[in-house]
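Trainee: turn this into a model:
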Amino acid sequence: MSSLFRTKPIEQSMRDTDAPGHRLRKNLSAFDLTVFGVGVIIGTGIFVLTGQQAARNAGPAIVLSFALAGVVCALAALCYAEFASTVPVAGSAYTFSYATLGQFIAWIIGWDLCLELALGAAVVSRGWSAYLQALFHLPTWLAGDLARPDLGAAFIVAALTVVVILGAKLSGRVTGALVLIKVAVVLFVIGLGLFFVKAANYTPFIPPARPATKESGGDAPLLQVLAGITPQHFGWFGVVAAASIVFFAYIGFDVVATTAEETRRPQRDVPWGIIGSLVICGVLYMAVSFVVTGMVPYGDLDTAAPLAKAFDLAGQGWAASLISLGAVCGITSVILVLLLGQARVSFAMARDGLLPPVLARVHPRYGTPWVMSAITGAVVMVLAAFVPLSELSELTSIGTLFAFVVVSIGVAVLRRTHPDLPRAFRAPLVPWLPVVSVLASVWLMLNLPVITWARFLVWMVAGLVLYFAYGMRRANLAAERPDDRSAPATPSSS
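Mentor: Residues are numbered from 1 along each chain as shown. Sure thing, here's the model as predicted:
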């Protein structure tokens, strides 16, 4: 049992970053990390969830829902920022938990991140294909919801996998160009939409509450099953319910932490990248939701393309194609950053021996984990081409929230076990802030359907089988002498 919870010394994690054949190239700046964060956060959330949740749950108060969700994300972001600046090693929450909570928990969170990032990339690829098909009126057998296989989704994954292999700096430049386009489109929506805002559409700002249809079976939220709580539409409960859904529009800032090892000055730049991208996206989300709900009655926004419909109803249909172009660019950058993050997490696990070491090979010219990047791209490409993933998309959300819980707990543990460790960034109000972050994340997890929890548990069981069959026996720490593992750590100059 003691071997399950052996921790990897932080100093050893730092030494591993310079191991021959496993050294990633350090060429990212705070600007690059912020671009990555904005690139992965702004995607389907701002183009879809804004209108849908205004129509179904919150009305014009969707602005408050985005603000509330942003606060919950900020709690976890502060914990991520402290961890990433203290332990600037590839792997994000996996690496952090290995240093604080032990190998077993690290494996669980690493396996969980594989689910979050790979499945998220596949789901978003299908969305990219659907937008592309609608924008260019492509044949339905080639791309879009009806295509089997979805060659459009497979193409974009293959193309972006090549970009990921060619280097993190190139990935940052491509992401930067795409982010520039989609932020310009978002600002266009805000700027033009303000001319069509009608004050009457904001009344009532918080519509009166009314009971929602009670779900049954696997579609019922776990909270409803456990506590018998019947959800409501609108009112303050509706605002909170909408926040639990639009929260997932913020998912992605944690991917910035996976690139810490490739950052020139990680202790300073990673916190800036995480917090900066979250603040930028939060402001844009609230501004767009305010403008769109002011342009048309919120009940007219329950569609897969609410922004385009708002401009159509305002007599500005010419703007719809421009918005669709922004959606395509936005989703492209999301896929790219998710593929990059997935490869880094698996690379860190392989370098620690929990996965076959061949997966940790770094390209001699490009300085990227090319083997893991290629495998990740192949798996995601197959999933995106052949599997209808709409019902599985919530697995990405539960995986992210679980990672938030582990990182928040880890920050408090690391403060207690390594109080003198140099910290370039310190999260405020520890341990109270991590406690609130854990409670908020668990609350949002309880609002997910029972079937999502069941699928998540199946994935976790499969991961445990792999861990006990391979990872626990082959891990690098398992090959060390017990006295080596228990020797006191010396401060690292890194």
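Trainee: tell me which element the closest residue to residue 122 other than its chain neighbours falls in.
Mentor: Nearest residue to residue 122 in three dimensions, chain neighbours excluded: residue 383, at 4.0 Å (C-beta to C-beta, 6 or more residues apart in numbering). All C-beta spots, glycine's among them, are computed from the backbone N, C-alpha and C. According to DSSP states H and E, residue 383 maps onto helix 370-386.
Trainee: C-terminal to that helix, what's the next element?
Mentor: Taking DSSP H and E, what comes next after helix 370-386 is helix 394-417.
Trainee: what is the next helix or strand after that next one packed up against?
Mentor: Using DSSP H and E, the next helix or strand after helix 394-417 towards the C-terminus is helix 432-446. Other elements packing on helix 432-446 under the criterion 3 or more C-beta pairs under 8 Å, 6 or more residues apart in numbering; DSSP states H and E are helix 62-86, helix 222-227, helix 394-417.
Trainee: single out the most deeply packed of those.
Mentor: Among the helices and strands packed on helix 432-446, helix 62-86 has the highest mean neighbour count (mean count of other C-beta atoms under 10 Å), at a mean of 25.
Trainee: hmm, back to that, can you spell out which helices and strands pack onto the helix holding residue 383?
Mentor: Helix 370-386 sits against helix 120-136, helix 151-165, helix 318-351, with contacts defined as 3+ C-beta pairs under 8 Å, 6+ apart.
Trainee: for whatever helix or strand comes next after the second one, the distance to its chain's centre please.
Mentor: Using DSSP H and E, the helix or strand that follows helix 151-165 in sequence is helix 168-193. Counting by C-alpha atoms, centre = their mean, to the nearest Å, helix 168-193 is centred 18 Å from the centre of its parent chain.
Trainee: try stretch 423-433
Mentor: That offset, for stretch 423-433, works out to 22 Å (C-alpha atoms, centre = their mean).
Trainee: and for stretch 55-69?
Mentor: Stretch 55-69 has its C-alpha centroid displaced from the chain centroid by 21 Å (C-alpha atoms, centre = their mean).
Trainee: which parts of stretch 432-444 are buried?
Mentor: Residues of stretch 432-444 classed as buried: 433, 434, 437, 438, 440, 441, 444 (neighbour count, 16 or more other C-beta atoms under 10 Å).
Trainee: now, among the residues you listed, which is nearest to residue 306?
Mentor: Of all these, residue 306 sits closest to residue 444, with 22.5 Å by C-beta to C-beta.
Trainee: next up, the contacts around that closest one.
Mentor: By C-beta atoms under 8 Å, 6 or more residues apart in numbering, residue 444 lies in contact with 72, 244, 247, 401.
Trainee: the helices and strands packed on helix 432-446: which one's closest to residue 355?
Mentor: Smallest distance to residue 355 across the helices and strands packed on helix 432-446 (C-beta to C-beta): 17.9 Å, for helix 394-417.
Trainee: tell me what that closest one is packed against?
Mentor: Using 3+ C-beta pairs under 8 Å, 6+ apart: helix 394-417 touches helix 62-86, helix 93-100, helix 103-114, helix 432-446, helix 450-466.
Trainee: how far does the fourth one sit from the chain's center?
Mentor: Distance of helix 432-446 from the chain centroid (C-alpha atoms, centre = their mean) equals 17 Å.
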